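> Using only what follows, build the 3D model:
(chains A and B)
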Amino acid sequence: DTAVSQTPKYLVTQMGNDKSIKCEQNLGHDTMYWYKQDSKKFLKIMFSYNNKELIINETVPNRFSPKSPDKAHLNLHINSLELGDSAVYFCASSQWQGTSREQYFGPGTRLTVT
Amino acid sequence: QKEVEQDPGPLSVPEGAIVSLNCTYSNSAFQYFMWYRQYSRKGPELLMYTYSSGNKEDGRFTAQVDKSSKYISLFIRDSQPSDSATYLCAMSGGGQNFVFGPGTRLSVLP
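Purely as a prediction, here's the structure:
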């Protein structure tokens, strides 16, 4: 069973379009994240949700809107896509308990904006 | 100065070598430290997790944290070609913001 899954795996779209990426975790974790990994492989946090509540919202354009319908799902909707949005987007989850902070990542969604 | 620095490599070693990967950081509030392995076109895979200072060993992997020097290391013993990947360090101060290093690309040559 895949612990953290994302769909789609690849997304090719044109500038100006709106697209969504979905993430699901079956680990029973209470916190989920979205990360962006650029062409230089630098991994940067975008959002963090704890029990469906937005905790971290790093400096990302407001064209990016996360939505968490329940603890196991965190989706990312992107409006008016731009060339600079091309990257790999990773979903991750963790369970905040005691000193536990381990994050588990999904396989990534490779977004290409043309 | 970047919050987390890591030698990007690439680092090439012969099979069987001991590999040392390192990260330095500037934020003294960091107390949770992780190492991830990322194969090409895959998601990061958690290798080691350490809370606060000290050493942790798991098979061929040893993680060390020296908070006084703001320095963490990952050692790989008896390196294998299958260890060829990018290794990312990550750390957190206890909040939900994790900061990643830029990664070190490792090649283990048969």
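
> CA only for contacts and neighbour counts going forward, please
Will do.

> and the residue in chain A positioned nearest to chain B, helix, strand or coil?
Relative to chain B, the nearest point of chain A is A:P107 (4.4 Å; Cα to the nearest Cα). Following DSSP: H, G, I helix; E, B strand; the rest coil, we place A:P107 in the coil state.

> and it, backbone torsions?
When read as degrees, to the nearest 10, the backbone of A:P107 gives phi -80, psi -10.

> Please apply the same query to A:D30.
Main-chain dihedrals, A:D30, degrees, to the nearest 10: phi -100, psi 0.

> Count the residues that sit near A:I78.
20 (other Cα atoms under 10 Å in any protein chain shown).

> What's opposite the residue positioned nearest the centre of chain A in the beta bridge?
Here the mean C-alpha position of chain A is nearest to the C-alpha of A:W34 (Cα atoms, centre = their mean), at a distance of 2.9 Å. Here A:W34 shows beta-bridge partners A:F47, A:C91, assigned using DSSP bridges.

> Does it touch A:C91 like I think?
Yes: using Cα atoms under 8 Å, A:W34 is in contact with A:C91, at 4.7 Å.

> Identify the residue spatially nearest to the residue in chain B that chain A sits nearest to, adjacent ones excluded.
When scored by Cα to the nearest Cα, chain B has B:G43 as its residue closest to chain A, at 4.4 Å. In this structure, B:G43 finds its nearest non-sequential neighbour in A:P107, 4.4 Å apart by Cα to Cα, 6 or more residues apart in numbering or on different chains.

> what's the answer for B:T50, then?
The nearest residue in space to B:T50 (Cα to Cα, 6+ apart) is B:F33, at 5.2 Å.

> elements contacting the helix or strand in which the one you found is found?
Here B:F33 sits within strand B:32-38, counting by DSSP states H and E. Applying 3 or more Cα pairs under 8 Å, 6 or more residues apart in numbering or on different chains; DSSP states H and E, we find strand B:32-38 packed against strand B:45-51, strand B:85-92.
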